[in-house]
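In: Next comes the sequence, and after it the predicted model I'd like to discuss.
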Amino acid sequence: MIVTTALWALAFAAPLAIPSASSIEIAMGRFIVYGLISVGLFGFGRFAALPGPLIRRAVAYALAGNVVYYVLLVAGIQLGDATMAVLIIGMLPVTVALAGRTGKPRNPLGTVIGPLSVFGAGLFLFNAAKTDFFRDLGALSPVAIVCVTASLVMWTWYAVSNARFLRSTNTISETDWSSVVGIASLGIALLGLPLGWAFGLARNPLSLDLAELFDVAVWSVILGGGSTWFGTVLFNRASKLLETSILGQLIVFEAVFGVLYVFVFSGSAPSAWSLAGICIALMGVWWSVRSVERS
C-alpha cells in the first residue's frame with residue numbers, strides 16, 4: 001500500500017512537469033494508457049466474455065474511482081480553488097477508514113476514534129499549511145464544495161466496495177481485476193476525450209507541437225502504466241490483505257510522497273507547519289494500527 005501511494009502521488013508531479021497541459025489532457029492520457037495496457041494483458045475478448053454483473057461493477061468502479069471522480073475534482077478546483085479541494089479530498093483516509101468499519105462487530109469504531117481524531121488533526125494542519133486555507137475562506141464556492149464533496153464520496157465508496165469485493169470473490173485475481181477496470185476506464189476515456197475537445201477542456205493533439213506531444217505522451221505512460229495500472233494492481237492486492245480501516249489510513253502516505261515530488265520538481269521545501277502536520281497524521285496512523293491489532 002505504501003508503494004501504491006508513492007505511485008499515486010506521481011499525479012502531483014505531472015502538472016509541474018508539463019504545466020501547459022490541462023488536467024483533462026493529463027487525466028484522459030493516463031486512463032487511455034491504463035486501458036491499452038489492460039487490453040494487452042487481459043484481452044478485449046476475455047473482457048467481453050465476462051458475466052454482465054462483473055462488467056457493470058467494473059464500469060461503476062472505473063467511473064467512481066477514476067474518470068468521474070477526477071472530473072468532479074477538476075470542476076471543483078475550477079469553480080472554487082485548490083485550497084478547498086485539497087482540504088476536502090485530504091479527508092479520504094478518514095472517510096475510507098470510517099466507511100470500511102460500518103456493520104463490523106469486531107474492531108468497533110470506538111477503538112479508532114482517538115487515533116482518527118489525531119490523524120484528522122494532522123491532515124488538517126498539513127493541508128492548511130500547504131494551501132494557506134486560513135487566508136482563503138472567501139474563495140469558497142457552494143457549487144465547488146458540492147463537486148469536490150461528491151468526488152470524495154465516490155472514491156470512498158469505490159475504495160470500500162472494491163476491497164470488500166476482492167476479499168469476497170474467488171472468480172478473478174486482483175491483477176486481472178485491475179485490467180478489467182482499466183478496460184472499462186479506456187472506454188469511458190475514449191468517449192470523454194472528444195467531449196473535452198468540444199467543450200474546450202482539452203486541446204486537439206493536432207494543435208500541439210512535437211515537444212508538447214512528447215511530454216504529454218511520456219507522462220501519460222508514467223501515470224497510466226505506473227501510477228494507475230501497476231498502482232491499481234498493488235492497491236487491489238493490499239485491499240485483499242488489509243483491514244479496510246487500515247487501508248484507508250495508509251493513504252496518508254500519498255501526501256508524504258506528494259510533498260517529496262513537489263520538492264524535487266519545484267525546488268521548494270515544505271514548511272515547518274506542513275512537516276508538523278505530516279508527523280501528527282503519521283502518529284495517528286501508527287496509533288490506529290496498534291489499536292486494531294490489540295482489539
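Out: Good, I have the coordinates. Numbering: from 1, shown residues only.

In: Quick check: the gap between Gly40 and Asp176.
Out: The gap separating Gly40 from Asp176 is 13 Å, by Cβ to Cβ, to the nearest Å. All C-beta spots, glycine's among them, are computed from the backbone N, C-alpha and C.

In: Now do stretch 32-48, average pLDDT.
Out: Averaged across stretch 32-48, the pLDDT comes to 94.

In: same thing with stretch 253-268?
Out: 78.

In: helix or strand right after the helix or strand containing Trp197?
Out: Element membership of Trp197, judged by DSSP states H and E, is helix 174-198. Going down the chain from helix 174-198, the next helix or strand is helix 210-221, by DSSP H and E.

In: Now tell me which helix or strand of this structure has the poorest mean pLDDT.
Out: helix 82-89 (a mean of 66; mean pLDDT, DSSP states H and E).

In: The next helix or strand after that one packs against which elements?
Out: Proceeding C-terminally, helix 82-89 gives way to helix 92-100 as the next helix or strand, assigned by DSSP H and E. In terms of contacts (3 or more Cβ pairs under 8 Å, 6 or more residues apart in numbering; DSSP states H and E), helix 92-100 is packed against helix 113-131, helix 142-168, helix 244-249.

In: What helices and strands are in contact with the longest one?
Out: The elements that helix 142-168 packs onto, with contact taken as 3+ Cβ pairs under 8 Å, 6+ apart, are helix 52-62, helix 68-79, helix 82-89, helix 92-100, helix 231-241, helix 244-249.

In: Tell me the buried residues in the longest one?
Out: For helix 68-79, the neighbour count (16 or more other Cβ atoms under 10 Å) marks Val68, Tyr69, Tyr70, Val71, Leu72, Leu73, Val74, Ala75, Gly76, Ile77, Leu79 as buried.

In: and the closest residue to the third one other than its chain neighbours, how far is that from Tyr69?
Out: Read that as Tyr70. Closest residue to Tyr70 apart from its sequence neighbours, by Cβ to Cβ, 6 or more residues apart in numbering: Ala27 at 5.0 Å. According to Cβ to Cβ, Ala27 and Tyr69 sit 10 Å apart.

In: Kindly report the same for Gly196.
Out: 16 Å.

In: out of the helices and strands packed on helix 142-168, which comes closest to Tyr34?
Out: Tyr34 lies closest to helix 231-241 among the helices and strands packed on helix 142-168, at 7.8 Å (Cβ to Cβ).

In: neighbouring contacts of that closest one?
Out: Among residues not part of helix 231-241, those counted as contacts by Cβ atoms under 8 Å, 6 or more residues apart in numbering are 1, 3-4, 7-8, 34, 159, 162-163, 166-167, 174-175, 177-178, 181-182, 247, 250.

In: how about a cut-off of 6 Å?
Out: The contact list for helix 231-241 (Cβ atoms under 6 Å, 6 or more residues apart in numbering) reads 1, 3-4, 7-8, 162-163, 166-167, 174-175, 177-178.

In: Stretch 148-155 now?
Out: Ala64, Tyr69, Leu72, Leu73, Gly76, Ala85, Ile88, Ile89.

In: distance of the residue lying closest to Ser185 once chain neighbours are set aside from Gly29?
Out: Spatial nearest neighbour of Ser185, excluding adjacent residues (Cβ to Cβ, 6+ apart): Ala62 at 4.1 Å. From Ala62 over to Gly29 the distance is 16 Å, taken as Cβ to Cβ.

In: Using just helix, strand and coil, how would you label Val33?
Out: helix (DSSP: H, G, I helix; E, B strand; the rest coil).

In: Who's the closest spatial neighbour of Asp215, skipping the chain neighbours?
Out: Ile18 (4.6 Å).

In: What is the neighbour count of the one you found?
Out: Residues near Ile18, counting by other Cβ atoms under 10 Å, number 19.

In: ok, now Ala272?
Out: 9.

In: And the pLDDT at it?
Out: According to the model, Ala272 scores 86 on pLDDT.

In: quick one on the thing from earlier: check the helices and strands packed on helix 142-168 for me: which has the lowest mean pLDDT.
Out: helix 82-89 (a mean of 66).
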